[in-house]
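Asker: Let's see this in three dimensions:
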Amino acid sequence: MTLAPRFALLLPLVFAGAGVAGAQPAPVQSAPAQSAPAQPVPPAATGPATAPPAPAAQPMSATSTPPGPFALDVRVAMPSFNTGSTLADPLDLRTDQLPSRGLGLLFGAHVYPLRGKRMSLGLGADIVRTSGSKAPDPEDDTAATDPTIETKFSAFVPQVSLNFGTSRGWSYIGGGYAWTRRSTGDVDAEVAEGTRLMGLHYGGGARWFISPHVAFSFDLRFYRIPEQAAEGTTTTTGGTIAAVPFQPKSRLFLMSAGLSFK
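Answerer: Numbers count the residues shown, from 1 in each chain. A predicted model of the protein is given here:
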């Protein structure tokens, strides 16, 4: 066989090998991997655990503090005098000659040494001076020559009280012993006053503060005035009479209203 036919037989084998060597295998595609959900990362510890700070203490307001700590009173005093015959007869007067009302002043000072949540114990004293007079009725001919009769009442009034409320306003009840003095007679004559008599008193009232230091206040009080014995003698045109006449025991009501300060 000649060289040309042999070369012709080798050409298909050369081209076949070249095709096999140039062919690239197809890439294998794998299934996409499933991603795991992200896990929360715990915060890094910065130090030992500490308790939350305690709330700051709030200052106590005036509406939550008990009554007190002290009170000073200046009030107008209005007594109601007894005009019964038991008082008029020893004075040789008629009942219609006796004054039934009076006017005066009251000064007081009170402290509160024991103060609870809504109640305080008070200790204090008042000084009272009042008077009232009654002129004869000008239209009554039989009384035209009657004198004007004046009744005076004064008292030193220590007291113990229970007070309910707050320092911006409270009510109270209280009582104790009072040293009282009363006298009744002609307003134009010098009327002798007897010794002070010790008797009981009791009552109550209230204070309402319209500002931190000023309050409107009132008090309603009863006084039990003991019997007053006749003292001394004096000579008049009508004879000898007691300078300080006998007076039976009686009861007096006194209302006062005004201002309180603290």
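
Asker: Sticking with the nearest residue to G104 once chain neighbours are set aside, tell me its helix or strand.
Answerer: Leaving aside its chain neighbours, G104 sits nearest to T130 (2.9 Å; criterion: CB to CB, 6 or more residues apart in numbering). Backbone N, C-alpha and C define where each C-beta goes, glycine included. According to DSSP states H and E, T130 maps onto strand 119-134.

Asker: Run me through the strand neighbours of the helix or strand following that strand, direction for each.
Answerer: For strand 119-134, the succeeding helix or strand toward the C-terminus, using DSSP H and E, is strand 149-166. Strand pairing for strand 149-166, using DSSP bridges, gives strand 119-134 (antiparallel), strand 169-186 (antiparallel).

Asker: residue contacts, the spatially closest residue to E231 that is not a sequence neighbour?
Answerer: Excluding the flanking residues, the one nearest E231 by CB to CB, 6+ apart is V244, at 3.9 Å. Shown in contact with V244 (CB atoms under 8 Å, 6 or more residues apart in numbering): 183, 192-194, 228, 230-232.

Asker: for L103, same thing?
Answerer: 76-78, 130-132 are the contacts of L103 under CB under 8 Å, 6+ apart.

Asker: Quick check: it vs V191, distance?
Answerer: Distance of L103 to V191, given as CB to CB, to the nearest Å: 18 Å.

Asker: Please apply the same query to M78.
Answerer: 21 Å.

Asker: Over to R251?
Answerer: 22 Å.

Asker: Between the two, tell me which one has more neighbours.
Answerer: More crowded of R251 and V191, by other CB atoms under 10 Å: V191, with 17 against 12.

Asker: ok so that one is a helix residue?
Answerer: No. Counting by DSSP: H, G, I helix; E, B strand; the rest coil, V191 is not part of a helix but coil.

Asker: Can you tell me how far it is from V244?
Answerer: Counting by CB to CB - V191 and V244 are separated by 9 Å.

Asker: Common neighbours of the two, please.
Answerer: With CB under 8 Å, 6+ apart, V191 and V244 have common neighbours S183.

Asker: Can you get me a residue count around G232?
Answerer: Other residues near G232 come to 10 when the count uses other CB under 10 Å.

Asker: That one against A243, yeah?
Answerer: Yes. Under the criterion of CB atoms under 8 Å, G232 makes contact with A243 at 3.7 Å.

Asker: For the two, list the residues in contact with both.
Answerer: Shared contacts of G232 and A243 (CB under 8 Å, 6+ apart): A192.

Asker: residues in contact with the most centrally placed residue in the chain?
Answerer: Nearest to the geometric centre of the chain sits G169, at 2.5 Å (CA atoms, centre = their mean). By CB under 8 Å, 6+ apart, the residues touching G169 are 206-209, 215.

Asker: Kindly recompute the last result at 6 Å.
Answerer: Counting by CB atoms under 6 Å, 6 or more residues apart in numbering, G169 makes contact with 208-209.

Asker: What of the one 10 residues further on?
Answerer: When the contact criterion is CB under 6 Å, 6+ apart, the partners of W179 are 156, 196, 198.

Asker: any idea which element the last one lies in?
Answerer: Meaning M198. Here M198, judged by DSSP H and E, is contained in strand 197-209.

Asker: in that strand, what counts as buried?
Answerer: 197, 199, 201, 203-207, 209 (16 or more other CB atoms under 10 Å).

Asker: Stretch 98-108 now?
Answerer: By neighbour count on 16+ other CB under 10 Å, the buried set for stretch 98-108 is 98-99, 102, 104, 106, 108.

Asker: In strands only, show me those.
Answerer: Judged by DSSP state E, the buried residues of stretch 98-108 include 104, 106, 108 as members of strands.

Asker: which stretches of the stretch 151-262 of the chain aren't confidently modelled?
Answerer: The stretch 151-262 of the chain contains residues with pLDDT under 70 at 233-242.

Asker: which one of the strands paired with strand 149-166 lies closest to S256?
Answerer: strand 119-134 (7.9 Å; CB to CB).

Asker: Please compute how far the closest one lies from its chain's middle.
Answerer: With CA atoms, centre = their mean, to the nearest Å as the basis, strand 119-134 stands 20 Å off its chain's centre.
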